[in-house]
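>>> quick check, what structure comes out for this input:
(one chain, ligands or ions: 1)
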Amino acid sequence: MFSLQGKKALIIGIANDNSIAYGCAKALRRQGADLAITYLNEKAEKHVRPLAEQLGAEIIAPLDVTQDGQFTALFDRIRETWGRVDICLHAVAFCPKEDLHARVVDTSREGFGQAMDISVHSFIRMVRRAEPLMPPGGTCMTVSFYGAEKVVENYNIMGPVKAALESVTKYMAAELGPKGISVHALSPGPIKTRAASGLEDFDELLEDAAERAPTHQLVSIEQVGAYAAFLASEEAGNITGGVHYIDGGYHIVG
Ligand code: NAD
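Numbers count the residues shown, from 1 in each chain. Modelled structure (predicted):
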């Protein structure tokens, strides 16, 4: 099995033990990576810190991606502690509820801007800060969804937002490939998490995925994590710019 022994990994997006980012953190740790884990705010810290401590995280820090000062402080701390970072995972998304539940036609300018900033541009900000700390190369990953590609009922404005995220992934992969930095979008099938519970009729999406996916199984955060860990390994160093479906094959029939 590939090893991530001694690799330094930053994980953004753990809210609780159902989070996709937590599944990834567990898998990266199991393969030997040292972790930096962030939490959104004081309220989130209560849930995230125990999980981070359990995984032996060497850095546990606050990060609201809209706060440039916190972003800078986090990367300063990574530079001082590790001198580099090898793996960055971005598993963050947000859209104001009234816009998430509206037709795309009715999305507000403010809601669109906020969703794009937190769900897409924050990935750019993360990669830009990581680049100088990845001189031997590295792996940056974000998390998208099939609604980027096809119209998925109730996914609404998050479809176009994820389409932008996937496009950003490809352009950054092209720009950073020569430096040995790979950039990926993971695209899991629906998973019951806090963010997902904000979508209308999410249980129906879960049922549909389980029924129509060729495997007839929902994906777990551990399965997403295992895939992310492989992409972060040196063995996967010549893979970049892709959207990687981890969805029981749902995207081929959806
Ligand atoms: P989650 O609620 O566990 O994670 C979402 C995270 O985003 C939370 O940790 C939250 O704190 C963070 N976040 C929101 N605003 C932030 C901000 N301003 N600064 C920093 N962090 C902020 O839910 P999840 O489903 O694990 O979501 C992770 C990613 O996976 C998201 O991008 C989501 O769109 C994507 N995704 C989810 C599913 C699914 O079905 N659950 C499927 C495909 C893709």
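
>>> show me which residues of this structure are close to the ligand?
Counting by C-beta under 6 Å from any ligand atom, the chain comes close to the ligand at 13-15, 19-21, 40, 44, 63-66, 91-94, 118, 143, 145, 188, 190-191, 193-196. C-beta coordinates here come from the backbone N, C-alpha and C atoms, glycine included.

>>> list only those of these flagged as buried.
Among those, those classed as buried by 16 or more other C-beta atoms under 10 Å are 13-15, 19-21, 40, 44, 63-65, 91-94, 118, 143, 145, 188, 190-191, 193, 195-196.

>>> the nearest residue to residue 116 once chain neighbours are set aside: what's it in contact with?
Leaving aside its chain neighbours, residue 116 sits nearest to residue 161 (6.0 Å; criterion: C-beta to C-beta, 6 or more residues apart in numbering). Going by C-beta atoms under 8 Å, 6 or more residues apart in numbering, residue 161 touches 93, 95, 115, 116, 119, 120.

>>> what strand or helix carries the first one?
I take that to be residue 93. Residue 93 is part of no helix or strand when elements are defined by DSSP states H and E.

>>> and if you look at the fourth one?
Under the criterion DSSP H and E, the helix or strand holding residue 116 is helix 109-116.

>>> now do that helix: which elements does it pack against?
helix 97-100, helix 158-176 (3 or more C-beta pairs under 8 Å, 6 or more residues apart in numbering; DSSP states H and E).

>>> which of those helices sits most buried?
helix 158-176 (a mean of 19; mean count of other C-beta atoms under 10 Å).

>>> next SSE after that one?
Remark: after helix 158-176, the chain's next helix or strand is strand 181-188, criterion DSSP H and E.

>>> give the pairing partners of that following strand; include direction for each.
When sheet partners are counted by DSSP bridges, strand 181-188 sits next to strand 138-143 (parallel), strand 243-246 (parallel).

>>> using PDB, write out every CA atom in that strand.
The C-alpha trace of strand 181-188 is given here as PDB (Å, rounded to 0.1, in the frame of the first residue of the first chain):
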ATOM      1  CA  ILE A 181       1.500  20.400  -7.900                       C
ATOM      2  CA  SER A 182      -1.600  18.400  -8.800                       C
ATOM      3  CA  VAL A 183      -5.100  19.800  -8.400                       C
ATOM      4  CA  HIS A 184      -8.200  17.500  -8.200                       C
ATOM      5  CA  ALA A 185     -11.900  17.700  -7.600                       C
ATOM      6  CA  LEU A 186     -13.400  14.800  -5.700                       C
ATOM      7  CA  SER A 187     -17.100  14.200  -6.700                       C
ATOM      8  CA  PRO A 188     -18.800  12.000  -4.100                       C
END
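
>>> average pLDDT across it?
Strand 181-188 shows a mean pLDDT of 98.

>>> centre of the chain to it, how far?
Distance, stretch centre to chain centre, for strand 181-188: 8 Å (C-alpha atoms, centre = their mean, to the nearest Å).

>>> relative to helix 158-176, how tilted is that strand?
Interaxial angle, strand 181-188 versus helix 158-176 (axes from the mean of the first three to the mean of the last three C-alpha atoms, to 10 degrees): 160 degrees.

>>> okay, buried residues for strand 181-188 please.
181, 182, 183, 184, 185, 186, 187, 188.

>>> for the helix or strand just after that strand, packing partners?
Downstream of strand 181-188, the first helix or strand assigned by DSSP H and E is helix 202-212. Contact partners of helix 202-212 among helices and strands, from 3+ C-beta pairs under 8 Å, 6+ apart: helix 250-253.

>>> cutoff 6 Å now
Packing partners of helix 202-212 (3 or more C-beta pairs under 6 Å, 6 or more residues apart in numbering; DSSP states H and E): none among the helices and strands.

>>> dump the following helix or strand past it to PDB, restricted to CA.
Sequence-wise, the next helix or strand downstream of helix 202-212 (DSSP H and E) is helix 221-231. Below are the C-alpha coordinates for helix 221-231, written out as PDB (Å, rounded to 0.1, in the frame of the first residue of the first chain):
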ATOM      1  CA  ILE A 221     -16.900   9.400   4.000                       C
ATOM      2  CA  GLU A 222     -14.300   6.600   4.500                       C
ATOM      3  CA  GLN A 223     -14.500   5.600   0.800                       C
ATOM      4  CA  VAL A 224     -14.000   9.300  -0.200                       C
ATOM      5  CA  GLY A 225     -11.100   9.500   2.200                       C
ATOM      6  CA  ALA A 226      -9.400   6.400   0.800                       C
ATOM      7  CA  TYR A 227      -9.600   7.900  -2.700                       C
ATOM      8  CA  ALA A 228      -8.200  11.200  -1.500                       C
ATOM      9  CA  ALA A 229      -5.300   9.500   0.300                       C
ATOM     10  CA  PHE A 230      -4.400   7.700  -2.900                       C
ATOM     11  CA  LEU A 231      -4.500  11.000  -4.900                       C
END
